[in-house]
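Engineer: next input, structure requested:
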Amino acid sequence: MGTVVVGYVPKPEGEAALDTAIEEAKLRGSKLVVVNSQRGGQAFDSEAAAKSDGELSAVRAKLDASGVEYDVRQLVRGFEPAEDLISLAEANTAELIVIGLRRRSPVGKLILGSNAQRILLDAPCPVLAVKANA
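Structural biologist: Have a look, this model is predicted:
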């Protein structure tokens, strides 16, 4: 059985990535690994951790309803999200990584976004980048 890895954040781009990853996992008959990466530090206090746990509970409910085999990983290790996603893709011999992209201003378009760019350039497998519905 193959594996699809998806980067998840509780924002429209994260929801779009999750929905697309569920469909890809179904089409491929693959397991889905959902990665929520937090940098940690002072900003990730007990209140932020509780909020994140609640958001991931909603993700698990959506995954249960989808019927795909899955694993949800919340990582608070101080790494960049791109590092965590690439590391888990390598560890799971992923056949696909799915990431969500947000709309950027003209200045923001000069750089795609450091995490998205790093994933696209360093991923060990194909990457599917999806936009959130406007």
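Engineer: residue contacts, the nearest residue to S30 once chain neighbours are set aside?
Structural biologist: Computed as CB to CB, 6 or more residues apart in numbering, the closest residue to S30 that is not its neighbour in sequence is G2, at 4.1 Å. Glycine gets a C-beta too; all of them are placed from N, C-alpha and C. By CB atoms under 8 Å, 6 or more residues apart in numbering, G2 lies in contact with 28-31, 93-95.
Engineer: what's the answer for V127, then?
Structural biologist: So V127 contacts 96-99, 119-120 (CB under 8 Å, 6+ apart).
Engineer: what do you get if the cut-off is 6 Å, keeping everything else the same?
Structural biologist: By CB atoms under 6 Å, 6 or more residues apart in numbering, the residues touching V127 are 97, 119-120.
Engineer: neighbour-wise, which one of these leads?
Structural biologist: I97 (27 neighbours; other CB atoms under 10 Å).
Engineer: that one touches A123, doesn't it?
Structural biologist: Yes. Between I97 and A123 a contact is recorded at 5.3 Å, counting by CB atoms under 6 Å.
Engineer: what's the weakest-modelled helix or strand in this protein?
Structural biologist: Lowest by mean pLDDT, DSSP states H and E among the helices and strands of the chain is helix 46-66, with a mean of 83.
Engineer: got a list of contacts for it?
Structural biologist: So helix 46-66 is contacted by 10, 22, 70, 72 (CB under 6 Å, 6+ apart).
Engineer: which among those end up buried?
Structural biologist: Among the contacts of helix 46-66, those classed as buried by neighbour count (16 or more other CB atoms under 10 Å) are 22, 70.
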